[in-house]
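>>> Give me a 3D structure for the following:
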Amino acid sequence: MISYINHFRPIYEVRSAAFWLGAIFLIPLSGMPYGWAFALFGLLVLTVRSLQIWKALKFRMAISTKWLTTLQVPKLLAIQARMRKEVNSMYLGIGYEWTQKHCQIAHDIIRMPTTDIPGLPRWLGKTDTGRKFEEMIESIFAPKDSIRDRMPQGSSWIHGMEPKKGLVPFHYKAMGGHTAVGGTTGSGKTRTYEVISTQVIHTPSDVLLCIDPKNDADWRKRVETECKRTGRKFLYFNQAKPSESIRLNPIENWSQPSEIPSRIAQLMDEGPFRDFAFLFIDRAVKGELYIGDKPNLRSILKYAQSGITTLLEKSLKRFFRESGLLDWETLVAQDTVKMANKPGVSLVDGMVALYNARFVALDKGHETLGGLVATHTHDKEHYMRIIASALPLLQMLATGETGLMLAPKADDFEDEREIWDIDKIIKQKAVLYMGLDSLSNNIVQKAIASMVLADVAAVCGSIYNFYDSPPEVVLIIDEVGEAINEQVIQVLNKGRGAGFKAFVAFQARADLEARLGNAAKMLQVLGNLNNQIILRLEDTDTAQWFSDKVGETAIRNLVMTGSTSTGSEAHVGEFTGSVSRSLQMEKVPLIPTRLIHSLPNLQYFMRISGAAVYQGRIPILQG
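Numbers count the residues shown, from 1 in each chain. Next up, the predicted model:
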């Protein structure tokens, strides 16, 4: 027979306990034979009833009181070491596995008026004596290492419905499927990142890269503190605080030259101007590489502004020398004299004419030179109109203090700030914290984040292709809508094989759709986030998406019906009646969206792809 437990009935055991308590005292006084034996039996029953009363009271206190867990970092590390050894998992607070049983209780509570949810009497908090009594009861039932959460957000009963809580595991093998972290402002995303970051930093084999558009002071302080404890290199990048920041070259790593113009072009709006800008920047970059220069944002800006004449001249000189045309200067001088009657003829024009006559005509030209010549001979007015769409972006990234940070001069010995790139950070197992000043300089910060994440994708591809044993890299991106691009999608698609584990945070799915431009791209991103950690959400669409991910279950509803009747010819006191009870099954979401909207601060639901669902509470780290 299917049983049904009403967790909110009156505690009838109190009456029984009171009866047996009285019996224990009265039986010995009655003088009945073997009264002591009956008293012992009464004590046994009283003990059983008292335990039942304690269990019921503990449940009522748990669902009527919110708690916050505090945890010292040494204790966190001890827990992490034990969990990694026993179940190869990371610690994500205390909680329990969410099952059909909890769904049943949740629906029972949802159907009740709020005033009917049992708890402490409201009058307790209205007098000094009542408040002291309330504090005494709280101290008795308070969980270990917990303080009362008196913030108004959230419903206390969600976390309290399970009396037997344990350590919530997040298995390392599951992390390779990447993780979505959803939560509204103030729900606890930063505290979640602090717990994850601390454990990653204290794992010597792991590398941590943090991208934080808000530049959260607490998160940064936690990361820096833990790096000092472990002796790991802490790197801080913040365009708004150049004196505290490292220098970071976002186009240092690439496998094909076309990746560099791609990273710049992807920051522009789609259209023909972006395609042409990519074309001209690509030609300049290949020209720099041909003459042995190292492209950076500053050099790209220089050639975009002043043209590629100087670059073309250097490239042709090198080509002539390598082709054995040692008397090219004499030949160019002769051609220049012949073209003297044409206005605007320069030395470079003569070099181009020689190149075309001696090499291109014989199909012996060079691909890079062909592109540079095409740009040089392109209509100047049309060229400036096209490249003008890229100039504002390049100006923001390559000039002033920002330019010195993103296009560092290795020979500038007066600048003592260290120069790093993503590949170097990973190889040296350093920890990077990028704090972006998105509130005051949103456009520039989005561009910087996109460029750096593109560099991350390039390094990820290099590791995937050339490393036999890839390093473990944990990439945490807060407010991913501020920085997501095609390269991030590629990291989510293929990063697992390169040892990357990504955590991306957002407040609503609409953030991704707005940034990517269409729902299909948004779904592509979400489809690559196999795990979900969902704190309190205000967005119904995102809550429904997570609820659908978790799936459905069946709950039992107790239906009671009653009827009375009397016949027209019956006696006035004569009537018939009936009462019936039935259990009905109903299909419902395992986690209703209302619960997601009602989570208190620092509480979450977590779904591991293809595995369990947990409800947990993130601790507040101390020390």
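>>> Every contact and neighbour count from this point should use C-alpha atoms.
Will do.
>>> The stretch 451-600 of the chain: strands as residue ranges?
Secondary structure of the stretch 451-600 of the chain (DSSP state E, counting those that start in this stretch): strands at 472-477, 500-506, 531-534, 552-565, 576-589.
>>> so can I have a markdown table of the ones you listed showing mean pLDDT?
Converted to a markdown table, the strands of the stretch 451-600 of the chain look like this (pLDDT from 0 to 100):
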| stretch | mean pLDDT |
| --- | --- |
| strand 472-477 | 94 |
| strand 500-506 | 94 |
| strand 531-534 | 96 |
| strand 552-565 | 75 |
| strand 576-589 | 77 |
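>>> In a markdown table, list those along with mean neighbour count and distance to I489.
Formatted as a markdown table, those follow (neighbours: other C-alpha atoms under 10 Å; distance: least, C-alpha to C-alpha, whole Å):
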| stretch | mean neighbour count | distance to I489 |
| --- | --- | --- |
| strand 472-477 | 23 | 13 |
| strand 500-506 | 24 | 11 |
| strand 531-534 | 25 | 16 |
| strand 552-565 | 13 | 30 |
| strand 576-589 | 11 | 30 |
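>>> Dump those strands to JSON lines, plus distance to L512.
Shown next, in JSON lines, are the strands of the stretch 451-600 of the chain (distance: least, C-alpha to C-alpha, whole Å):
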{"stretch": "strand 472-477", "distance to L512": "13"}
{"stretch": "strand 500-506", "distance to L512": "8"}
{"stretch": "strand 531-534", "distance to L512": "16"}
{"stretch": "strand 552-565", "distance to L512": "26"}
{"stretch": "strand 576-589", "distance to L512": "25"}
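>>> between these, which gets nearest to T190?
T190 sits nearest to strand 500-506 of all those, at 9.9 Å, using C-alpha to C-alpha.
>>> so which of the strands of the stretch 451-600 of the chain gets nearest Y614?
Closest among the strands of the stretch 451-600 of the chain, once you apply C-alpha to C-alpha, is strand 531-534, at 9.3 Å.
>>> Can you list the strands that the closest one pairs with?
strand 179-182 (parallel), strand 603-607 (antiparallel) (DSSP bridges).
>>> winner for burial among these?
Neighbour counts (mean count of other C-alpha atoms under 10 Å) averaged over each of the strands paired with strand 531-534 peak at strand 603-607, with a mean of 27.
>>> a helix runs through Q52, doesn't it?
Yes - counting by DSSP: H, G, I helix; E, B strand; the rest coil, Q52 falls inside a helix.
>>> Go through stretch 424-432 and flag the buried ones.
425-426, 429-432 (16 or more other C-alpha atoms under 10 Å).
>>> Contacts for that stretch next, please.
201, 205-210, 227, 232-237, 471, 473 (C-alpha atoms under 8 Å, 6 or more residues apart in numbering).
>>> Just the buried ones among those, please.
201, 206-210, 227, 232, 234-237, 471, 473.
>>> among those, which are in strands?
206-210, 234-237, 473 (DSSP state E).
>>> Of those residues, which is the nearest to K189?
Using C-alpha to C-alpha, those come closest to K189 at C210, 13.3 Å.
>>> wait, doesn't that closest one sit right on L436?
No - using C-alpha atoms under 8 Å, C210 is not in contact with L436; the gap is 10.6 Å.
>>> shared neighbours, those two?
Joint contacts of C210 and L436 (C-alpha under 8 Å, 6+ apart) do not exist.
>>> In helices only, show me the buried residues of stretch 424-432.
The members of the buried residues of stretch 424-432 that map onto helices under DSSP state H are 425-426.
>>> Using a markdown table, please lay out the buried residues of stretch 424-432 together with pLDDT.
Converted to a markdown table, these look like this (pLDDT from 0 to 100):
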| residue | pLDDT |
| --- | --- |
| I425 | 94 |
| I426 | 93 |
| K429 | 94 |
| A430 | 95 |
| V431 | 96 |
| L432 | 96 |
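>>> Just put the buried residues of stretch 424-432 in CSV and tack on distance to S155.
CSV is the format used below for these (distance: C-alpha to C-alpha, whole Å):
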residue, distance to S155
I425, 43
I426, 42
K429, 42
A430, 41
V431, 37
L432, 37
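>>> Thanks a lot, see you next time.
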